[in-house]
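Q: sequence plus predicted model, see below.
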Amino acid sequence: MTAVGKSGGISVGGACAGYGAPPSSPGFGYGLALADDPAWRLADVLVATGGVCVSAPADMAFRAVTTDSRAAQPGDLFVALVGERFDGHDFITDAVRRGAAGVIVSRLPASDLPVQVVRVPCTLTALGDLAAYRRRLLPDLKVVAITGSCGKTTVKEMCAAILGRRYPLVKTRGNFNNLVGLPLSLLPVCRHHRVAVLEMGMNQPGEIARLTAIAAPDVACITNVMAAHVGGLGGIAGVAAAKEELFAAAPARAVLAVNLDDPRVRRMAARYANPQVTFGRRPEAMVRGLWPRRVGLCGMGFTLEIAGQRRRVRLPAFGGHVLADALAAAALAYALGQDIDDIAAGLAAFEPPAMRMRVVETAGVRLVDDTYNANPGSVGAALKAVAGLRQRKRERLVAVLGDMFELGDASEILHAEVGRMAAGSGCDLLVAVGRFAPVMAAAARGAGVEKATVCRDRESAAELLRTLVAAGEIRAGDWILLKGSRGMRMEVVRDALASALEQRQTGTAPDAGGDG
């Protein structure tokens with residue numbers, strides 16, 4: 001392990017100093033994006049993808065790369081992706097009708113098209129190759145790559161909040177972190193951009209390695225390793241191996257941001273000679289978080305320490321896992337040469353992503369919206385964080401927890417573990433939702449939760465909560481955590497609960513009733 005020196009950060013290949021403002025004419029959209037330097041010449045497309053032009057080749061350029069025929073605009077290059085439930089080849093005519101000037105296909109259309117047609121063996125591979133080619137064309141661009149079982153999106157947003165204060169950047173849009181989303185996030189990069197902050201997700205071996213090959217990161221971080229996607233990876237060891245692909249495939253020059261508080265990540269990092277920036281709460285970490293404390297309803301303050309310097313930071317978010325995310329983002333920014341003042345200011349400006357530990361107070365009830373996604377580790381962290389917010393005995397913790405997906409043969413065991421976590425957090429009422437709700441609720445009862453209710457789906461959970469609100473069984477002072485995997489769409493339950501509370505507050509709530 002090669003540690004980065006503690007004297008004011010590092011500069012990765014020139015890093016981010018002295019970059020000018022973006023050009024006044026952004027031009028064509030995705031790509032190199034100047035009117036006299038078009039985004040994608042046909043020759044570049046052929047070199048990038050290794051494809052064959054099966055139409056009469058022309059000296060032309062494409063405005064942008066798109067995979068959505070509905071979004072195609074005049075001059076675009078449409079990539080016909082093939083998925084489990086769709087085939088982009090079925091929408092080629094629509095893309096051309098909307099103005100696409102070229103298409104990338106893996107099988108030829110039934111009739112001739114009045115546009116450039118490039119044939120490749122696999123259009124998904126070609127999309128990644130286009131993004132990798134764009135990245136190679138811009139060697140001064142600094143790429144930050146982030147993966148991990150929990151916290152990826154929050155770390156990405158925090159890192160962008162820090163680096164975006166000084167440098168034009170692109171970042172992963174929403175949760176576009178897979179073999180389709182990452183290329184689409186990287187393709188918009190232009191010459192004026194100086195940083196790309198990219199999130200990497202996966203659900204099978206090899207995906208992170210491919211994403212890393214596309215992005216060629218300058219700084220790489222594995223936030224943590226927990227039981228997520230274990231169904232397709234053969235358990236926690238498989239998850240660790242899949243995440244480690246980021247460190248293994250990163251260029252030798254890349255700086256690794258290493259979470260010393262996660263023993264699996266610590267062991268991984270020890271296998272690589274890359275320069276490293278360590279973070280965590282351990283005394284030997286280069287980037288540390290000290291003396292965390294709650295500030296207001298849903299904020300926290302802590303002392304950020306980097307290479308012996310200290311600054312107080314206030315975050316508009318809370319929980320030990322949020323502190324860990326902030327330290328990861330600080331380490332990534334430090335690896336790109338940012339000083340502690342810029343890092344502290346960027347963290348203070350961070351805004352939590354939607355459906356991730358957002359707190360809304362209605363009729364004295366605090367709804368904690370963490371509905372975006374869930375795995376056992378993130379549910380445990382959220383329960384612990386919300387439990388820590390209670391200040392009086394009358395402030396009860398209500399957990400509305402939906403199924404966690406992609407856990408394979410470990411599903412029952414891990415849902416039972418979450419039930420016990422709810423009990424350990426002091427949960428007063430558990431509403432378990434979904435296929436594994438009986439397992440979760442039974443484990444919670446066995447561990448001491450007196451009230452644990454089973455709902456077969458989100459609609460029945462929404463009806464139950466409306467009934468509890470109308471009956472006054474959910475009352476002012478309660479903290480209600482709502483969480484579940486994305487496919488559970490627990491925001492439906494959140495909205496029903498919020499509506500019931502608003503009706504009660506305005507005196508328009510219906511009488512208690514329903515079949516619950």
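A: All right, it came through fine. Note that this is a predicted model, so its numbers are computed, not measured.

Q: averaged pLDDT, stretch 264-282. What do you get?
A: Averaging pLDDT along stretch 264-282 gives 97.

Q: end to end on it, go ahead and measure it.
A: 15 Å (Cα to Cα, to the nearest Å).

Q: pLDDT score assigned to residue 405?
A: For residue 405, the predicted pLDDT is 93.

Q: backbone phi and psi for it, please?
A: When quoted as degrees, to the nearest 10, the phi and psi of residue 405 stand at phi -90, psi 170.

Q: next, count neighbours for the closest residue to it other than its chain neighbours.
A: Of all residues not flanking residue 405 in the chain, residue 485 sits nearest, at 4.2 Å (Cβ to Cβ, 6 or more residues apart in numbering). For every residue, glycine as well, the C-beta is placed using N, CA and C. Each residue near residue 485 was counted by other Cβ atoms under 10 Å, and the total is 21.

Q: okay but residue 346 is in contact with residue 165, surely?
A: Yes - taking Cβ atoms under 8 Å as the definition, residue 346 is a contact partner of residue 165 at 5.4 Å.

Q: more neighbours, those two?
A: residue 346 (24 against 14).

Q: what sits against that one?
A: 158, 161-165, 329, 333, 338 (Cβ atoms under 8 Å, 6 or more residues apart in numbering).

Q: list the residues that contact residue 434.
A: 402-403, 455-457, 484, 488.

Q: quick one: which of the residues you listed is nearest residue 64?
A: residue 488 (34.6 Å; Cβ to Cβ).

Q: ok, and the closest non-adjacent residue to the closest one?
A: Here the residue nearest residue 488, using Cβ to Cβ, 6+ apart, is residue 402, at 3.6 Å.

Q: how near is that neighbour to residue 468?
A: Using Cβ to Cβ, to the nearest Å, residue 402 is found at 17 Å from residue 468.

Q: likewise residue 251?
A: 55 Å.

Q: low-confidence ranges in this protein?
A: Residues of the chain that meet the criterion pLDDT under 70 lie in 1-38, 227-234, 508-516.

Q: point to the residue nearest the middle of it.
A: Central residue of the chain (Cα atoms, centre = their mean): residue 153, 2.7 Å from the mean position.

Q: hmm, residue 353 and that one touching each other?
A: Yes - if you go by Cβ under 8 Å, residue 153 and residue 353 touch, sitting 5.5 Å apart.

Q: could I get the phi/psi values of residue 51?
A: Torsion angles, degrees, to the nearest 10, at residue 51: phi -80, psi 170.

Q: again, but for residue 368
A: Torsion angles, degrees, to the nearest 10, at residue 368: phi -100, psi 100.

Q: skip the chain neighbours and tell me the closest residue to it.
A: residue 481 (4.7 Å).

Q: partner residues bridging the one you found?
A: Under DSSP bridges, the beta-bridge partners of residue 481 are residue 368, residue 399.

Q: how many neighbours does it have?
A: That count, for residue 481 with other Cβ under 10 Å as the rule, works out to 26.

Q: picking up where we left off before, surely the residue nearest to residue 488 touches residue 458?
A: Yes - with contact defined as Cβ under 8 Å, residue 402 reaches residue 458; the gap is 6.9 Å.

Q: mind checking which of residue 251 and residue 468 has more residues around it?
A: Counted by other Cβ under 10 Å, residue 251 and residue 468 do not tie: residue 468 has more neighbours, with 21 against 13.

Q: just how off-centre is the helix or strand harbouring residue 93 within its chain?
A: Element membership of residue 93 [criterion: DSSP states H and E] is helix 92-97. On the basis of Cα atoms, centre = their mean, to the nearest Å, the separation between the geometric centre of helix 92-97 and that of its chain is 32 Å.

Q: quick revisit: my read is that the residue nearest to residue 368 contacts residue 386, right?
A: Yes - using Cβ under 8 Å, residue 481 is in contact with residue 386, at 4.8 Å.

Q: what touches both of the two?
A: Contacts common to residue 481 and residue 386, judged by Cβ under 8 Å, 6+ apart, are 368, 397.

Q: hang on, the earlier thing: buried ones in the helix holding residue 93?
A: Within helix 92-97, the residues that count as buried by 16 or more other Cβ atoms under 10 Å are 92-93, 95-96.
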